[in-house]
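[1] the following block contains a protein sequence and its predicted model.
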Amino acid sequence: MNNYFIITCVFALFLKGYSANDSAEGEDNNDALNEKPTEEFPQDDIEKYIEMFEETARQLNIPSDEDVTALENTIDIYEEMSEIVQVFIDLNINSNNVYKFLRAKGLDRVIAPNLKILHTPLRRQLLILTKQLIDIAPTTAKAIIPVSILDNLLDIFENDHILSIKAYALDIMHSWLPGNPKMQARVMKLKGLDPFYHQISNLDITVIHTLLDLFNKILDEHIKARETPRTRENAEDLVMYQRIGLIERMSTSHVCDGLLNIFESSLPFIPRTGQIISSMFELVKKIKPFCLNTYKGKSKPIEVFNELYQFVNDKSNDKTFEKYGMNKTDVYAVLEKYVQELKHVVKDEL
């Protein structure tokens, strides 16, 4: 009896909710299924589950002569893989199991090799598991997570047609990228900010809010880095922030126009929900020193900021500002400055 057969049997018993110990003892299967509950399965044996997942995934490489049979088998394998990933998610309610998974290199063995799989339920489960690991053990997970996972997250956010999958990918980046200049540099090297601008029309209000908050956190981080005196402890990070050059990019028309697209796409949501108002106006305020001159004299920025200004000026919206703890006077002053100065065209002195 080879190892594959043993692992498959164990996994099958687990899926049916029965103890694997009974099979190992050689008892009659029917009696075993009726006598032993799921709880007796060694649920904290993370290594065993990872091995089961790897063995199941290897079946994808077994050739099949019949196309229909191959497709059916592939779907069955994906479903088995999804069920094992769900086991990890359930076990991670106990944080000890999270650290066991990370120490067993589960990120490298389970998640990294399989994020490109196009089976949506499996991809969704893998993204949920990744977010869970970062949320429960952020320091440990961020220290050892493979860079290839970030590459795949960017690809998923840019190219996947399913909104919920895009949302999961962005949620992970929202947790992973702030405070992590090396990974931010990776994003800028691979894709820049373009995917975030271009995908805005494909996102709903919740995902737009996450995106705005991510931009706010990272821009604030870079502004503070430029103002922080260099020491031996922070020298490497400060050099990395400088190499990323986000502050320099912020003054370019390409970045400013991309942010304007985000503001424009957010306008229809503002009267219906206040969910994005705080993050949106915070970003509007932050980019003013960088983008105001770029926007001057252009019809689209004038239209967008006029609409924002009218919203703030409408007293019926005062409760919205109170609800989200916003200083309406401050926001009003910033937008008034935009509206006044956008009408003045910047002349080329040359």
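    Sure thing, it's come through.
[2] now the helices for the stretch 51-200 of the chain?
    In the stretch 51-200 of the chain, the helices defined using DSSP state H, counting those that start in this stretch lie at 67-91, 95-103, 106, 120-136, 138-144, 147-159, 163-176, 181-190, 194-198.
[3] of those, which approaches residue 242 most closely?
    In terms of C-beta to C-beta, the element of those nearest to residue 242 is helix 181-190, at 9.5 Å. For every residue, glycine as well, the C-beta is placed using N, CA and C.
[4] what's next to the closest one, contact-wise?
    The set of residues external to helix 181-190 that reach it, using C-beta atoms under 8 Å, 6 or more residues apart in numbering, is 147, 150-151, 154, 173, 176-177, 218, 225, 237, 240-241, 243-246.
[5] run the last query once more with 10 Å
    Residues outside helix 181-190 that contact it (C-beta atoms under 10 Å, 6 or more residues apart in numbering): 142, 145, 147, 150-151, 153-155, 173, 176-178, 180, 193, 195-196, 218, 221-222, 225, 236-246, 249.
[6] what's the PyMOL line that selects buried ones from the residues you listed?
    Buried members of the contacts of helix 181-190, defined by 16 or more other C-beta atoms under 10 Å, are picked up in PyMOL with:
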select buried, resi 142+145+150+151+153+154+155+173+176+177+178+180+193+195+196+218+221+222+225+237+238+241+244+246+249
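[7] contacting residues for the closest residue to residue 57 other than its chain neighbours?
    Counting by C-beta to C-beta, 6 or more residues apart in numbering, the nearest residue to residue 57 once its immediate chain neighbours are dropped is residue 81, at 6.0 Å. Applying C-beta under 10 Å, 6+ apart to residue 81 gives the contacts 52-54, 56-57, 59-60, 110, 114, 117, 119, 121-122, 125-126.
[8] buried ones among these?
    By neighbour count, with 16+ other C-beta under 10 Å, these hold 52-53, 56-57, 110, 114, 119, 122, 125-126 as buried.
[9] which among these gets closest to residue 200?
    Looking across the buried ones among the contacts of residue 81 and measuring by C-beta to C-beta, the closest to residue 200 is residue 126, at 25.1 Å.
[10] and the closest one, how close does it get to residue 161?
    To residue 161, residue 126 is 17 Å away according to C-beta to C-beta, to the nearest Å.
[11] same question for residue 282.
    Using C-beta to C-beta, one gets 30 Å for the distance from residue 282 to residue 161.
[12] these two: who's more crowded?
    Applying other C-beta atoms under 10 Å to residue 282 and residue 161 shows that residue 282 carries more neighbours, namely 18 against 8.
[13] any idea which element that one lies in?
    Using DSSP states H and E, residue 282 maps to helix 277-295.
[14] next helix or strand past that helix?
    Downstream of helix 277-295, the next assigned helix or strand under DSSP H and E is helix 299-313.
[15] report the buried residues of that next one.
    Buried residues in helix 299-313, defined by neighbour count with 16+ other C-beta under 10 Å: 301-302, 304-305, 308-309, 311-312.
[16] ok, the residues you listed vs residue 335, which is closest?
    Nearest to residue 335 among the buried residues of helix 299-313, with distances taken as C-beta to C-beta, is residue 309, at 4.4 Å.
[17] once you drop chain neighbours, what's closest to residue 286?
    Using C-beta to C-beta, 6+ apart and skipping residues adjacent in sequence, the residue nearest residue 286 is residue 219, 5.4 Å away.
[18] give me every residue that touches the one you found.
    246-247, 250, 259, 282-283, 286-287, 290.
[19] mind doing that once more with 8 Å?
    246, 250, 283, 286-287.
[20] equivalent analysis for residue 104, please.
    Taking C-beta under 8 Å, 6+ apart as the contact definition, residue 104 lies against 46-47, 50.
[21] can I get those residues in JSON lines with neighbour count and distance to residue 94?
    As requested, those are exported to JSON lines (neighbours: other C-beta atoms under 10 Å; distance: C-beta to C-beta, whole Å):
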{"residue": "46", "neighbour count": "23", "distance to residue 94": "11"}
{"residue": "47", "neighbour count": "15", "distance to residue 94": "16"}
{"residue": "50", "neighbour count": "19", "distance to residue 94": "16"}
